[in-house]
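Engineer: next come a sequence and a model predicted from it.
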Amino acid sequence: MTEPPTAPPESTPPTVPQLDVRAAEPPAADPPAPTDRFADRPPGYPSALVWLRAGILRDWRGVVGAFFATWFYLPVALLLAFWGGLTFAIAGLFAVGTGVDDQMPQVLRDAPLIGSLIDAFLTRSGGVLGGVAGFVIGFLVGFLYVLALPWMGVSDDPFALLAGLIGTVVAAALIGVLYTLYRVLLEPRLLVVSGARQPSRREDARLRPILDDCARRLGLPTVPRLLMEDDPVLSNARTYARHVVVTTAVLTEPDDEVAALLSHELVHWRTGDEITSAFVRGVGLPLTLAHALPTWLMRTFPHPGTNFVVFVFFWPVLLTMRYVVLPLHARDVRAAEYRADLGAVLTGHVDGMRRILDRRLSFETGRSGWDEAVCATHPPHELRLDALERASLTGAGAPVTVERLFNDPGPVGTRRTWLLVGALMLAACLVTSGLGVVQWAFFRPQAAVDGFFAALADRDSDAALGYLADQPSGADTKLLAQLLRGKGYQPPTDVEITSLERDSDSDTAKATVAYRLGDTRETTTLTLRREDETSAGLFHGWRLSGGPIPLNRATAEPGVRLNGVELPVATEGTPLVLLPGRYTATGPSSALSETPPATVLVGPGETAAVLQLAPVLKPAAIAAVETQVRAWLDECAKQTVAAPPGCPFSYSSSTQKITWKILEYPKLAVELTGPSSAQVSTPYETQGRAVASGTTTYFGTTSPFTDEDAFTVAGVATADGDRITFRRSTN
C-alpha cells in the first residue's frame, strides 16, 4: 500500500469557533463570541449561501421523493386506495359470486365439455376472481383520485396546471430552505436539549490534538465545534452542520482509531451532508412531522402490542416513508458514508478505520428484508472495507486526493449544468412573460369588453356574438348582420370602462361601462364570466353574461322596416334579436295613414328591446272620407221616398209626394284600426240634419208638410292602393 498523501504542517493549529453553550472553564477565560452566525461553517465555501446551496442540491432523489410523497398526498392516496380496494373487493366478491350464470356467454355455456369446465371454474372461484379484480380496480381508483384531486379544477388548462405545479414546488422548496436554516441556526440549542455538552479539559486535551492533526492532513484550516455525549459503552460520533458530537466511550479507544473516526466525521462536516438531510426533511416537513410521532412511540414503548396499535393508526405514513422517501434518500446517505471513509485514507489512518469496521462487522446481522437491504443509511461494513482497500491500493484507479474529495462539484455543480439551468430558467421566464403579455392583452375581462364594443363599431355581428356567453338559439343571425350593416344603425360611442371588479372565487367580474348612445351619455354594469374552455390550450378568455337582446315582438306587420331591412311577418318563426346600438324603424304607408319614423335604443345589459310604431291618419284621408260620405248623402237626398233605402234619414208618415234636403252635413270622427283601415263614426254633438217636405192626404184632404230629422253616419274606410273606399254600416 502507498502512503496516503498528507497536508503540509502548519505553524498554527486549525481554529475552533467558540461554543455558545456554557463552558467548563470560567466565563472570563472565554474569548468573545463571533458575530457571524455562520462563522463555524466548513472552509472552502466563500459564503454561507454557497455552503447551503451545495448541500441542498446534492441529493435530488431524496428531494423528489419527499416532495412527491408529501405534496401529492401519498399517505392519503394509500389510505383511500386501501378502503376503495376493500369496498370494491367485497362488491366484486358478491356480485360475481352470486351471478356466475349470467356472466358466461350463452355460446360458451352450450359448448360441450368446455362449457361445463368454465361453469365449474366460475362456480368455485368466480367470487374470488371478482374480489381480486374489485380490489385492484378500487385500489387504483382511490389512489389515482387523490393524486388527481388537487388538479381537477385546472385539468383542462395546461397553463394553470403548470402554474399550480410550479407554485407547489416553490412552496415546498421554501419550506425546505426555512427548515434547513432553522436546523443550522438553532443547532447549538437543539444539541444541548438532546444531551450534548462541552468537553471537559481532560476530554479536550485527549481529542483536540487528534482533531487538529486530522484537519491539517485534510487541508482544513478550521474544525467544527466539538461536543461530548455521555455514553461509556458505544464508541460513536455524529456530525451536524456546525458540530461533531463524540461519545465518551471514544476516549478509551486507541489514537489511530480515534483519528480514523474523526477523519470520517470531518469529511461529513466539510461536504455538508447534514445540510442535505435537513433540506430533504424540510421539503417533506408535514410528512416528516407525521412520521416522527409513530416512530417516537415505537422507540419509547418497544412492545409488539404498541407497535401493532401504532401501525393500525399510522400505516399510510409509515409505508410512505418506508417505501418511497427513505429508499431514495438512503442511496445518497450510503454514498456519503463511502465518501467519508476516504478521509481515513487521506489522513493515513486506514488501519484504524479497518479495525473499527472489522469490530463492527462482527456485530452486523444479515441484510435481509426491505429495511436492511434498501432503507439502510449505512452500507454493509464488508463493502465499506472493500472500498477502503481499493482506495488504498496503488494503481487501483485515480488516487484519492483532497481536491477530488472536496472540490468535485458533481453533476449539479458543473459550469455546464449551471449554464443549462440558467438558460432554462431564462427561457421559462421569457415564455412566462410572453404568455402573461398575451393573457393581459387578449384574455382579461377588459379585453372582452373592448372587443365587444369594437365589434359593434365595426358592425361585425358575428364577432360581437362571439363575446357573449349565451349564443342565440334559433335566432336569425343573418338578419341581425343585415340590421347592423343598415344605414340607420349607430353603435355605442365614447366607450370607457370606469371600474372593474373581479371575483376570483366564482370566476366572474363586473365592469362599469360609460358610453354614448344617440345624444345621451349612459352608464351600465356588465357581468362577465370566465370561460371553462381554453384557447390554444393555455388561456381562459372572458365573455359577457347573457346573449343578444330579444325584440319585444318576434313578428311585425307587413312593411315594418328596421334600418331599411324589412322585418318578417310570419306568425311563427325565428325570434328577432338585436345587439346594442341605435336603430331606425319605419312602418307601412297607405292612402289612409302614414307611420312616422321611430328610434329604437338598445343599451348593453338590457333584457328586452322595445319597438313601437304608431301609424297616424293622413289629413287628406279625412277630407276624402267626408267627400265620399257627402256624395252618398246627396244621392240619398235625391230620392223622393219617405225612407230612402240604405240612407241614414227617413220620414215615418204616409205621403203622396216628398223631397229631401240636407241642411247640415255631419262632422265625422275617423279612427285608425290599422294601417289601411279606419272606423268612421259621428259624435252626438256633430250630427247632420235633413229636412223632408211634401204633401200628405188625410181623409181626402191634402195638406203640405215640412219635417226636420237629425241623423248620424257610421262605417269603415279602407285604403286600396291610392283610393279610399267608405262602406256604411249595415245596422
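Structural biologist: Perfect, I can see it now.

Engineer: so what does the strand of greatest length in the chain touch, helix or strand wise?
Structural biologist: What stands out as the longest strand in the chain, according to DSSP state E, is strand 520-535. Counting contacts by 3 or more CB pairs under 8 Å, 6 or more residues apart in numbering; DSSP states H and E, strand 520-535 is packed against helix 445-457, strand 508-517, strand 539-544. Backbone N, C-alpha and C define where each C-beta goes, glycine included.

Engineer: tell me the contacts of Phe68?
Structural biologist: Neighbouring residues of Phe68 by CB atoms under 8 Å, 6 or more residues apart in numbering: Leu74, Val324.

Engineer: show me where pLDDT drops low in the stretch 1-150 of the chain?
Structural biologist: 1-39, 92-131 (pLDDT under 70).

Engineer: grab the nearest non-local neighbour of Thr247.
Structural biologist: Asp231 (4.0 Å; CB to CB, 6 or more residues apart in numbering).

Engineer: for His349, same thing?
Structural biologist: Ala260 (4.0 Å).

Engineer: the one you found contacts Gly348, doesn't it?
Structural biologist: No - at 9.5 Å, Ala260 and Gly348 do not qualify as touching, with contact defined as CB atoms under 8 Å.

Engineer: quick one, which of those two is more surrounded?
Structural biologist: Taking neighbours as other CB atoms under 10 Å, Ala260 and Gly348 compare with Ala260 leading, 29 against 19.

Engineer: just the pLDDT for that one.
Structural biologist: In this model, Ala260 is scored at 93, pLDDT.

Engineer: my read is it is in a strand, agree?
Structural biologist: No - using DSSP: H, G, I helix; E, B strand; the rest coil, the assignment for Ala260 is helix, not a strand.

Engineer: how near is the residue lying closest to Phe313 once chain neighbours are set aside to Arg183?
Structural biologist: Of all residues not flanking Phe313 in the chain, Pro294 sits nearest, at 7.5 Å (CB to CB, 6+ apart). Distance of Pro294 to Arg183, computed by CB to CB, to the nearest Å: 22 Å.

Engineer: spit out the contact partners of the residue nearest to His349.
Structural biologist: Here Ala260 is in contact with Ala344, Thr347, His349, Val350, Asp351, Gly352, Met353, Ile356 (CB under 8 Å, 6+ apart).

Engineer: same thing but at 10 Å, please
Structural biologist: Taking CB atoms under 10 Å, 6 or more residues apart in numbering, we find Ala260 in contact with 210, 214, 253-254, 341, 343-345, 347-357, 388.

Engineer: now those residues: which count as buried?
Structural biologist: Buried residues within the contacts of Ala260, counting neighbours by 16 or more other CB atoms under 10 Å: 210, 214, 253, 341, 343-345, 347-350, 352-357, 388.

Engineer: of those residues, which belong to helices?
Structural biologist: Using DSSP state H, the subset of those located in helices is 210, 214, 341, 343-345, 347, 350, 352-357, 388.

Engineer: in a helix, Arg183, correct?
Structural biologist: Yes - assigned with three-state DSSP, Arg183 falls within a helix.

Engineer: burial measure for it, as a count.
Structural biologist: 20.

Engineer: next one: Trp440
Structural biologist: Residues within reach of Trp440, counting by other CB under 10 Å, total 11.

Engineer: tell me which helix or strand it sits in.
Structural biologist: Secondary-structure element containing Trp440, defined by DSSP states H and E: helix 415-442.

Engineer: enumerate the positions of that helix that are buried.
Structural biologist: Leu435, Gln439.

Engineer: may I see the buried residues of stretch 218-234?
Structural biologist: Buried, per 16+ other CB under 10 Å, within stretch 218-234: Leu218, Gly219, Leu220, Thr222, Val223, Pro224, Arg225, Leu226, Leu227, Met228, Glu229.

Engineer: ok, stretch 195-214 next?
Structural biologist: 196-199, 203-204, 206-208, 210-214.

Engineer: same question, stretch 627-639
Structural biologist: Quick answer for stretch 627-639 (16+ other CB under 10 Å): Gln628, Val629, Arg630, Trp632, Leu633, Cys636, Ala637.

Engineer: so what's Thr601 up against?
Structural biologist: For the record, residue 601 is Leu, not Thr. Applying CB under 10 Å, 6+ apart, the residues near Leu601 are Gln490, Pro492, Leu517, Gly518, Thr520, Glu522, Pro580, Gly581, Arg582, Tyr583, Ala609, Val610.

Engineer: where does it sit: helix, strand or coil?
Structural biologist: Assignment for Leu601 (three-state DSSP): strand.

Engineer: mind checking pLDDT for it?
Structural biologist: So Leu601 comes in at 89 (pLDDT).

Engineer: which residues does it bridge with?
Structural biologist: Beta-bridge pairing for Leu601 (DSSP bridges): Arg582.

Engineer: joint contacts of Ala260 and Gly348?
Structural biologist: Cys214.

Engineer: helix/strand/coil for Gly605?
Structural biologist: Classified using three-state DSSP, Gly605 is coil.

Engineer: how many neighbours does it have?
Structural biologist: 15.

Engineer: right, and it touches Leu544 too?
Structural biologist: Yes - contact criterion CB atoms under 10 Å: Gly605 and Leu544 qualify, at 8.4 Å.

Engineer: joint contacts of the two?
Structural biologist: With CB under 10 Å, 6+ apart, Gly605 and Leu544 have common neighbours Leu526, Thr527.

Engineer: who touches Lys638 in this structure?
Structural biologist: Shown in contact with Lys638 (CB under 10 Å, 6+ apart): Pro644, Thr659, Trp660.

Engineer: how about Ser589?
Structural biologist: By CB under 10 Å, 6+ apart, the neighbours of Ser589 are Gly559, Thr595, Pro615, Lys618, Pro675, Ser676, Ala719.

Engineer: what does Arg384 give?
Structural biologist: Contacts of Arg384 (CB under 10 Å, 6+ apart): Arg334, Glu337, Tyr338, Ala340, Asp341, Met353, Arg354, Ile356, Leu357, Arg360, Leu361, His378.

Engineer: state the distance from it to Glu337.
Structural biologist: Applying CB to CB to Arg384 and Glu337 gives a distance of 7 Å.

Engineer: what comes up buried for stretch 559-577?
Structural biologist: Buried-residue list, stretch 559-577, by 16+ other CB under 10 Å: Gly559, Val560, Arg561, Leu562, Asn563, Val565, Leu567, Thr574, Leu576, Val577.

Engineer: got the end-to-end distance for that stretch?
Structural biologist: End-to-end distance for stretch 559-577: 18 Å, by CA to CA, to the nearest Å.

Engineer: just stretch 53-72 next, same as before
Structural biologist: End residues of stretch 53-72 are separated by 25 Å (CA to CA).

Engineer: and the protein, what are its domain boundaries?
Structural biologist: For the chain, the structural domains run 72-166, 444-602, 618-728, going by automatic domain parsing.

Engineer: let's have those domains in CSV, adding distance to Leu285.
Structural biologist: Putting these into CSV (distance: least, CB to CB, whole Å) gives the following:
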stretch, distance to Leu285
domain 72-166, 14
domain 444-602, 28
domain 618-728, 83
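
Engineer: let me know which of the ones you listed is the nearest to Val400.
Structural biologist: domain 72-166 (39.7 Å; CB to CB).

Engineer: thanks a lot, see you next time.
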